[in-house]
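A.B. asks: Quick one: sequence plus predicted model below, questions after.
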Amino acid sequence: MNLKTLLTFSLITFSIWNIYGQESTSSPRFSTDLTNKLIYTSSWSGNFKLRSDGWQIGGEYTKSKNYFKSNIYQFDLGIYKHPKQVRQNKDPNSGLFNSNGIKPFIYGKQNTLITLHAALGQKFLLAERAKKNGVMIQYYYTGGVSLGFLKPYFLRVCGDDRCTFYEVVTYDPDNNNRFTNYDYIIGGAGFGIGWKMKLRPGLHFKTGMQFDWSSSDNMIKAIDVGLSVDGYFSKVPIMVTEENKFLFINAFVGISLGKKKQ
């Protein structure tokens, strides 16, 4: 999903709120009278997010401070996709369950970046849910640690000039002739090969808005839209053919499902 699609999705979400999230144009976003308000002490939810540079799954636990503000604790696991990586196949007749064993590959890819985030922050109520067909809107921010796991990317390449046999290799800066020589590449070696990973520690920051359309007050059915940043303490090698970087900024859109507790 590209950034243009994410922005379009955000505009659609805001439009839905403008149409259904308020009973009238004159009604306030929320009332300061808490006499009849039900305050939930905590909540938990699971989520799936599509990022402009990959995807992630995660969970969130929320602890209420008052009706308008909560402390949140988040964790997630994701996979980064470099914007220049292109999936190729030297056997166009092969499918997902091909019998010849030739798999698609990404030319020039050195490592797969798997990200693990643990963060805490706060969430603020911006607009209450209307009595009918309402959408509750919240803003949140989190910050914490980011652990990047670099899994080496392996290719099946010809073992000699006549390709009478093949070998499984990963990128070696001292001997990369066959790994980067397109004519020698047969295909990918598969994600299950090469789990000797390197660690890249860093910091993580995320900010976004959540639009909860659940018809039940104690349930969470929400769309999340926002931005997140990962900054690592050293450059992260992803592609042999591209310059390495240590700062990753992405936009995301996702869905969260969960439950609140009194």
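C.D. replies: Looks like it came in fine.
A.B. asks: can we go C-alpha only for contacts and neighbour counts from here?
C.D. replies: Will do.
A.B. asks: CA atoms only for stretch 196-204, dumped as CSV, please.
C.D. replies: Extracted in CSV, the C-alpha atoms of stretch 196-204 (Å, rounded to 0.1, in the frame of the first residue of the first chain):
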residue,chain,number,x,y,z
LYS,A,196,21.4,-16.7,12.1
MET,A,197,20.3,-13.1,12.6
LYS,A,198,22.0,-9.9,13.6
LEU,A,199,20.5,-7.4,16.1
ARG,A,200,20.1,-3.6,15.5
PRO,A,201,18.8,-1.8,18.6
GLY,A,202,17.1,1.6,18.3
LEU,A,203,14.2,3.9,19.4
HIS,A,204,10.6,4.0,18.3
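A.B. asks: which residues are contacting it?
C.D. replies: Stretch 196-204 has contacts (CA atoms under 8 Å, 6 or more residues apart in numbering) with 117, 119, 143-152, 228-234, 236.
A.B. asks: can you check stretch 247-258 too?
C.D. replies: Under the contact criterion CA under 8 Å, 6+ apart, stretch 247-258 has outside partners 3, 6, 9, 43-53, 219-232.
A.B. asks: how about it: buried residues?
C.D. replies: Neighbour-count burial for stretch 247-258, with 16 or more other CA atoms under 10 Å as criterion, is recorded at 250-258.
A.B. asks: What of stretch 142-150?
C.D. replies: So, applying 16+ other CA under 10 Å, buried residues of stretch 142-150: 142-150.
A.B. asks: Quick one: the strands in the stretch 151-262 of the chain, in order.
C.D. replies: Counting by DSSP state E, counting those that start in this stretch, one finds strands in the stretch 151-262 of the chain at the ranges 154-158, 166-170, 185-188, 198-212, 219-236, 245-261.
A.B. asks: Which strands or helices does the shortest one pack on?
C.D. replies: Read it as strand 185-188. On a contact count with 3 or more CA pairs under 8 Å, 6 or more residues apart in numbering; DSSP states H and E, strand 185-188 meets strand 105-106, strand 154-158.
A.B. asks: and residue 138, which of these is closest to it?
C.D. replies: strand 105-106 (39.5 Å; CA to CA).
A.B. asks: so which of the helices and strands packed on strand 185-188 is the most packed in?
C.D. replies: Highest mean neighbour count of those: strand 154-158, a mean of 24 (counted as mean count of other CA atoms under 10 Å).
A.B. asks: and that one, C-alpha only, in PDB?
C.D. replies: What follows is strand 154-158, C-alpha atoms only, in PDB (Å, rounded to 0.1, in the frame of the first residue of the first chain):
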ATOM      1  CA  PHE A 154      19.600 -16.400   0.500                       C
ATOM      2  CA  LEU A 155      19.600 -17.200  -3.200                       C
ATOM      3  CA  ARG A 156      20.000 -20.400  -5.300                       C
ATOM      4  CA  VAL A 157      22.700 -19.700  -7.800                       C
ATOM      5  CA  CYS A 158      24.600 -21.700 -10.400                       C
END
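A.B. asks: what sits against the closest residue to residue 56 other than its chain neighbours?
C.D. replies: Using CA to CA, 6 or more residues apart in numbering and skipping residues adjacent in sequence, the residue nearest residue 56 is residue 78, 3.8 Å away. Applying CA under 8 Å, 6+ apart to residue 78 gives the contacts 54-57, 114-116.
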